[in-house]
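Engineer: Turn this into a model:
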Amino acid sequence: MIDKKDIRALTKDALRDFFVANGDKAFRGNQVYEWLWSKGAHSFEDMTNVSKETRAMLEANFVINNVKVDTMQRSSDGTVKNSVRLHDGLLVESVLIPTNTRTTACVSSQVGCSLDCNFCATSRLKRMRNLEPGEIYDQVLAIDNESKLYHNRPLSNIVFMGMGEPLMNYNNVIKAIDRITSEEGLGMSPKRITVSTSGIPKMIMKMADDGVKFKLAVSLHSAIESVRNRIMPFSTNFPLTDLRESLEYWYQKTKSKVTYEYVVWEGINDTKEAVDALVKFCKYVPCKVNIIEYNPIDDGEFQQASDAAVNMYIKELTKHNIVAKVRKSRGKDIDAACGQLANKES
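Structural biologist: Next comes the predicted model:
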């Protein structure tokens, strides 16, 4: 029995070579590649301009490990939450977040997560595996279709803020973004894509060296080392000094501002000391701060801070000419949490 390979793991050149090796014309590879990426075909039978004999040959040698939206929930505010089933039965989540001016896809990069952020629901799930480029692409394609169906406009933005740490699946995330931004794929601008990381300095520097064109967001949540280590224990391996240096390197190489994602929790980082530390950290590289409304995952220590505490952050950041906005949680009536924190507007 042939061990069939996922055909989407092949480059266009590899597809062309496959057809030549099997006595066909190289251009046939171009046709199939277009069906797989530009047209999002999930079955060889969908490839209507390819002969039945060729489709049978593809079926005999390859599979298309596409994802399927297992369940979909729609919120009263227009948010759509997808539970996405992978070819091996595992599940991830993706979310469509609409506003008056844009629709944003929040997508997952891993099944579960290997990090241990105490405030995050995904961290309670064991990391099962990385998502393949095609599985990431499929999440985006499904949300693009939902955006057109429910909001009469195509998807405008993508944030990698779903399940998993994108920089721990770096190669596949980069390949997925290449497909998404390619004219032979979805043709989206990389400037409309944001990759959010919990802060892995060596990978941030690698992105800078690789000359990526998408935006960078960092889940910071505290600029006080001891507090950050308490809420994000893995960060003991990545001190704030290392993170700061990697971000300085990022800006030096890319000239692209950094976005800090920041939740204010009651009794954890709702003090003037915490605000002052964040202001100081923001001075190192040009940046903006998104203060995220938190959706509690239980009745434990992580609870949304008071409006007064949030307003204190906004006031102090603004006073120091740091752009800061409060991002309200979306889709509360369907519990549309998306990965690291909660469903949020980009």
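Engineer: Only C-alpha atoms from now on, for both contacts and neighbour counts.
Structural biologist: Noted.
Engineer: other SSEs contacting the host helix or strand of residue 171?
Structural biologist: Taking DSSP states H and E as the criterion, the element that holds residue 171 is helix 170-181. Using 3 or more CA pairs under 8 Å, 6 or more residues apart in numbering; DSSP states H and E, the elements in contact with helix 170-181 are helix 133-151.
Engineer: In the sheet, which strands lie alongside the helix or strand that the helix it packs on is followed by, parallel or antiparallel?
Structural biologist: Moving toward the C-terminus from helix 133-151, the first helix or strand encountered (DSSP H and E) is strand 157-160. Here strand 157-160 has these sheet partners by DSSP bridges: strand 103-106 (parallel), strand 193-197 (parallel).
Engineer: Can you tell me what sits against strand 157-160?
Structural biologist: Residues outside strand 157-160 that contact it (CA atoms under 8 Å, 6 or more residues apart in numbering) are 102-109, 140, 166, 192-196, 346.
Engineer: Going by distance to residue 35, which of the residues you listed wins?
Structural biologist: Nearest to residue 35 out of the contacts of strand 157-160 is residue 140 (CA to CA; 16.2 Å).
Engineer: quick one on the thing from earlier: what residues of the helix holding residue 171 count as buried?
Structural biologist: Across helix 170-181, burial judged by 16 or more other CA atoms under 10 Å covers 170, 172, 173, 174, 175, 176, 177, 178, 179, 180, 181.
Engineer: Check the second one and give its pLDDT.
Structural biologist: So the one you mean is residue 172. Per-residue pLDDT puts residue 172 at 97.
Engineer: If you drop the residues flanking it in sequence, what lies closest to it?
Structural biologist: Among residues not flanking residue 172 along the chain, residue 133 sits closest, at 5.0 Å (CA to CA, 6 or more residues apart in numbering).
Engineer: Report how many residues lie close to that neighbour.
Structural biologist: For residue 133, the count of nearby residues is 22 (other CA atoms under 10 Å).
Engineer: from now on call the first residue 54
Structural biologist: In the new numbering, first residue 54, that becomes residue 186.
Engineer: list the contacts for it?
Structural biologist: For residue 186, the contact set (CA under 8 Å, 6+ apart) comprises 225, 226, 228, 229.
Engineer: Distance of it relative to residue 219?
Structural biologist: 12 Å (CA to CA, to the nearest Å).
Engineer: hey, what's in contact with both of those two?
Structural biologist: Residues touching both residue 186 and residue 219 (CA under 8 Å, 6+ apart): residue 226.
Engineer: Please tell me how far residue 73 sits from residue 56.
Structural biologist: 21 Å.
Engineer: Would you mind telling me which of these two has more residues around it?
Structural biologist: Neighbour totals were compared for residue 73 and residue 56, and residue 73 leads with 15 against 9 (other CA under 10 Å).
Engineer: In contact with that one, which residues?
Structural biologist: residue 79.
Engineer: Tell me the secondary structure of it, please.
Structural biologist: The assignment at residue 73 comes out as helix when based on DSSP: H, G, I helix; E, B strand; the rest coil.
Engineer: and the residue nearest in space to the middle of the chain, what are its bridge partners?
Structural biologist: By CA atoms, centre = their mean, the mean C-alpha position of the chain lies nearest to residue 213, the distance being 1.0 Å. Per DSSP bridges, the residues bridged to residue 213 are residue 248.
Engineer: which stretches of this protein form strands?
Structural biologist: 58-59, 115-116, 121-127, 133-138, 144-151, 156-159, 163-164, 182-183, 210-213, 246-250, 268-272, 311-316, 340-345, 376-380 (DSSP state E).
Engineer: Show me the shaky parts of the chain.
Structural biologist: 54-55, 168-179, 349-352, 384-399 (pLDDT under 70).
Engineer: how close does the residue nearest to residue 225 sit to residue 298?
Structural biologist: 30 Å.
Engineer: now residue 346
Structural biologist: Distance check for residue 346 against residue 298: by CA to CA, it reads 28 Å.
Engineer: So which of the two has more stuff around it?
Structural biologist: residue 346 (22 against 17).
Engineer: Show me what the closest residue to residue 367 other than its chain neighbours is bridged to.
Structural biologist: Sequence neighbours aside, residue 377 is the residue nearest to residue 367 in space, at 6.0 Å (criterion: CA to CA, 6+ apart). Beta-bridge partners of residue 377, counted by DSSP bridges, are residue 342.
Engineer: Might one say that residue 377 is in contact with residue 365?
Structural biologist: No. If you go by CA atoms under 8 Å, residue 377 and residue 365 don't touch, sitting 11.4 Å apart.
Engineer: between these two, who's got more neighbours?
Structural biologist: residue 377 (19 against 16).
Engineer: who's in contact with the more buried one?
Structural biologist: Applying CA under 8 Å, 6+ apart to residue 377 gives the contacts 341, 342, 343, 344, 367, 370, 371.
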